[in-house]
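Colleague: Give me a 3D structure for the following:
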Amino acid sequence: MFHVEFVTIIGTYFNMNVSFIDFWSNFDNKNNLLLDVLQNCFHNVNVVEPKNADVIFYSLFGKEHLLYKDTKKIFYTGEAVHWDTKKIIYPENEKSFASLSFSYGTGKNNLRFPIWYFYIDWFNKKTYRNPQWLVPEKYLYNINNDFVNTGTNFCAAIYSNQLKTRKTIVKSISKYKEVDCYGRVENFKKLEGNEKEKVQLLLKYKFSLAMENTLLNGYHTEKLIHAKIAGTIPIYYGSNTVINEFNKNAFIVFDYYKKRKSLNKIIEIDNDKTLFNEIKKQPLLLEKISFDNVYKFFVKVL
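Modeller: Modelled structure (predicted):
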């Protein structure tokens, strides 16, 4: 669970009205991770209309925030975008210079808060509407979860945005054994349902491809997490910073520029039951996440 010792002392002194605008489709203004964190940090946090807010949290999916020039704002992005803090946070001379993002840097008032945090059930909420299902926190540290993988199928890939890199990686691995592809891409097997049903599909497979949209330092999404808790060995394509955050022994990193070497590693693991099981039993995280830095950040900027 989140560590809240730091904020229990100071949190009784604060009341706050907040609003969330320009977030992704089906984002629930009254049930989301940012609100849960704030409510653990401050004594009384109320969700109100933007015009009545002390603080507006906004993202990339709209321009409504432009209407509120005199309200303190905090920008959030978990998306794979190259961005400059000053240009995005201060497009209209806004009061606050603060951002939450996947980035490790870009300014003293930026806090790393990657999108995969939104997929974990830190506060026993079960769902945020989007995501419709949240991964229990204990699954990050313990491979003995409620999902039982008995799969004998080789490898699955689930995605709906057909990028050249993804197509090339699938083609490369399929030279050894065919990869089953699911998603909203033409000729793919269709996959309906929420995140939990995605995990249940992967239970039939030994491996699964977890491929990010792009390579940006710090940009790591829920893909690796879903692949791992389903009991597969994830084959991960993304930034090398993934090993700064997750247990490097719990998955395979696919090197796009050394495809043959990466494929040989997959073949080796696929044909070595002992090695396969050693990797499979590794937890995704070796230490519990502490969010004291998140609470301290909010106290500082708010």
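Colleague: Strands along this structure, start to end?
Modeller: Applying DSSP state E to the chain gives strands spanning 15-21, 44-47, 55-58, 72-77, 99-101, 110-112, 120-121, 135-136, 153-158, 179-182, 205-211, 233-237, 252-253.
Colleague: strand partners of the fourth one, parallel vs antiparallel please.
Modeller: Using DSSP bridges, strand 72-77 pairs in its sheet with strand 55-58 (parallel), strand 99-101 (parallel).
Colleague: Could you tell me which residues make contact with the closest residue to residue 253 other than its chain neighbours?
Modeller: Take residue 253 and drop its neighbours on the chain: the residue closest to it by C-beta to C-beta, 6 or more residues apart in numbering is residue 236, 5.5 Å away. Where C-beta positions appear, they are placed from N, C-alpha and C, glycine not excepted. Residue 236 is in contact with 210, 211, 223, 224, 227, 242, 251, 252, 253, 254, counting by C-beta atoms under 8 Å, 6 or more residues apart in numbering.
Colleague: Give me the pLDDT value at the fourth one.
Modeller: What it means is residue 224. Note on residue 224: pLDDT of 97.
Colleague: list the contacts for the nearest residue to it once chain neighbours are set aside?
Modeller: Nearest residue to residue 224, sequence neighbours excluded (C-beta to C-beta, 6+ apart): residue 210, at 4.6 Å. Residue 210 makes contact with 223, 224, 226, 227, 234, 235, 236, 237, 238, 251, according to C-beta under 8 Å, 6+ apart.
Colleague: Kindly recompute the last result at 7 Å.
Modeller: 223, 224, 227, 234, 235, 236 (C-beta atoms under 7 Å, 6 or more residues apart in numbering).
Colleague: Kindly report the same for residue 268.
Modeller: residue 275.
Colleague: Same question for residue 22.
Modeller: Counting by C-beta under 7 Å, 6+ apart, the residues that residue 22 touches are 58, 59, 60, 61, 62, 63, 64, 65.
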